[in-house]
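Enquirer: just need the structure, nothing else, for what follows:
(one chain, ligands or ions: 2)
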Amino acid sequence: RSGAVHIELVTHSREQSERVSAEGLRLLTKSSESGQQDIRVRPFVIAEEELISSPDSLPAPDWIFLMVKQTAVTERLARTIADQMKPETRLLCFQNGIGHTDILAQCIPENRLWLAVTTEGALRHHSVCVEHTGSGETWIGPLINDASQDRHLEKNLQKMFQDAGFSVSLSNKITSKVWNKLLMNSVINPLTAILQVPNGMLLQLPAAQGLMRALYEEGLELAARLEIELAEDLWEQLLKVCERTAANQSSMLQDIRARRLTELDSITGGLLAQAKQAGLTLPTHHTVYQLVRSIEQQWGKNIGKAGDPL
Ligand SMILES: NC(=O)C1=CN([C@@H]2O[C@H](COP(=O)(O)OP(=O)(O)OC[C@H]3O[C@@H](n4cnc5c(N)ncnc54)[C@H](OP(=O)(O)O)[C@@H]3O)[C@@H](O)[C@H]2O)C=CC1
Ligand SMILES: CC(C)(CO)C(=O)C(=O)O
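Expert: Ligands and ions are numbered 1, 2, ... in the order given. This next block holds a predicted model:
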C-alpha cells in the first residue's frame, strides 16, 4: 500500500530478490466484497547477503517484521537484524512457538522486542507467489512491559495494519496470547503430523481426542506453574480451530510432507524446556516429541539430536 508507509522486503536468497525485482510479487486473496483477487505488488527488495555485505544500504526502519520460521532464527540472523536497528527501531516477531526471543535477545535489547500472535493464514506457493488463505485476528505487544516506553510507535503500527485491512489489537499481556496459541499448536501440530491427517480429522478419532486432552492438560499444568494466564475457554477454542480449519493440513504436517525441518523444538520442545526448568515432567509431550523427531530422522535430518529434547 502506498501513502506514508515505505516497506522493504529482505529475502533469504539473491535469486529470490532478483525474481521479485523483475516480476513483482503475486498475491492471491479472496474477500467477501471483491471476491477472488490476483494482485501484483512491486516492493523494494534486497537479499540478506547484500544487507550483510553493506549494512547501511537501507535507511534504519521504525519496525522490522520477522516472518521466518523458528528454525531460521539463529544468532547470526539476530546480529544481521541488530545491525539494521537504530535506537527507535522495534523488532516485531510473528513466529508460532517460543524460544526465538532468547536467541534474538543475545544481540537485541529485550525492550525492543515485540511479539505478534496471528490467526491470519498465508501460504507461499513459490518464490514470487503467496496466497492469503484466511483472514484472522492479530495481537501485538511488547515482550516486556516497560512503563517508560514511548508507545506512540505501536499505535502508528496498529493504524498502518488497519489501513491495510488487517484486524489488529494491542495487548499488554502478549505472553498470555502466545501461550494460548502455543498450547493449541502443541496439541494439533504434532498429532496431525504423526497421524498424517488434516486438522478436522482429530475430532473424528476418539483415541486421538484422548491424546489431545492429555497434551492439553499437561500444557495447562505447566502454564499454571509458570503463572501464565490462559483463556478460560481454551479447550473449546482449540476444538473450534480444528472445526474451522478442518480441511487444512497443519504447518507441521506440511513440513513433514515436504521433508522440511518442523518447528517442533519451539512448540513441543519449548514446553519441555520450560517444564524442565520448572521441575515438571510432561510425559505425553515427551512421547510426541520423540515421535516427530523420529520422523525427521528417517530422512537424515536432526540426526545429532537424541529423542530427549533436553
Ligand atoms: N503461514 C501462516 O499462516 C502462519 C505462520 N505463522 C508463523 O510464522 C512463521 C513463518 O511461517 P511461514 O510464513 O508459514 O513460513 P515460510 O517458510 O512459508 O516463509 C518463511 C520465509 O522466510 C524466509 N527466510 C528464512 N530465513 C531468512 C533470512 N535469514 N532472511 C530472509 N528471509 C528468510 C524463507 O526463505 P527460504 O525458504 O528461501 O529459506 C521463507 O520464504 C512461523 O513461525 C509460523 O509458525 C503464524 C501464523 C500463521
Ligand atoms: C492453528 C493451526 C494448527 C492451524 O493449522 C496452526 O497454527 C498451524 O498449522 O501451525
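
Enquirer: now Phe65: how far from ligand 1?
Expert: In this view, Phe65 and ligand 1 are 10 Å apart by CB to the nearest ligand atom, to the nearest Å. For the C-beta atoms, the positions are set from N, CA and C on the backbone; glycine is no exception.

Enquirer: tell me what that residue is bridged to.
Expert: Leu92 (DSSP bridges).

Enquirer: let's number from 34 now, not from 1
Expert: Renumbered: residue one is now 34, and that last one reads Phe98.

Enquirer: what comes up buried for stretch 262-275?
Expert: Using 16 or more other CB atoms under 10 Å as the test for burial, stretch 262-275 gives 263, 267-268, 271-272, 274-275.

Enquirer: actually, stretch 44-61.
Expert: Of the residues in stretch 44-61, those buried (16+ other CB under 10 Å) are 44, 49-50, 52-54, 58-59.

Enquirer: okay, how far is it across that stretch, tip to tip?
Expert: Stretch 44-61 has an end-to-end distance of 19 Å (criterion: CA to CA, to the nearest Å).

Enquirer: quick one: that stretch to chain centroid distance?
Expert: Counting by CA atoms, centre = their mean, to the nearest Å, stretch 44-61 is centred 22 Å from the centre of its parent chain.

Enquirer: is it positioned near ligand 1?
Expert: Yes: interface with ligand 1: stretch 44-61 contributes 44-46 (CB under 6 Å from any ligand atom).

Enquirer: before we move on, back to that, ok, the buried residues of stretch 262-275 vs ligand 1, which is closest?
Expert: Using CB to the nearest ligand atom, Val274 comes nearest to ligand 1 of the buried residues of stretch 262-275, at 11.8 Å.

Enquirer: quick one: residues contacting the closest residue in space to the closest one that isn't next to it in sequence.
Expert: With sequence-adjacent residues excluded and distances taken as CB to CB, 6 or more residues apart in numbering, Val274 is closest to Met217, at 5.9 Å. Residues near Met217 by CB atoms under 8 Å, 6 or more residues apart in numbering: 267, 270-271, 274.

Enquirer: just those residues: which are in helices?
Expert: If you go by DSSP state H, those have 267, 270-271, 274 in helices.

Enquirer: got the residues of the chain near ligand 1?
Expert: So far as CB under 6 Å from any ligand atom goes, the chain lies against ligand 1 at 43-46, 81, 100-103, 105, 110, 127-129, 151, 154-155, 157, 284, 296.

Enquirer: show me where the stretch 34-183 of the chain has helices.
Expert: Here the stretch 34-183 of the chain has its helices, by DSSP state H, counting those that start in this stretch, at 47-56, 81-86, 108-117, 133-137.
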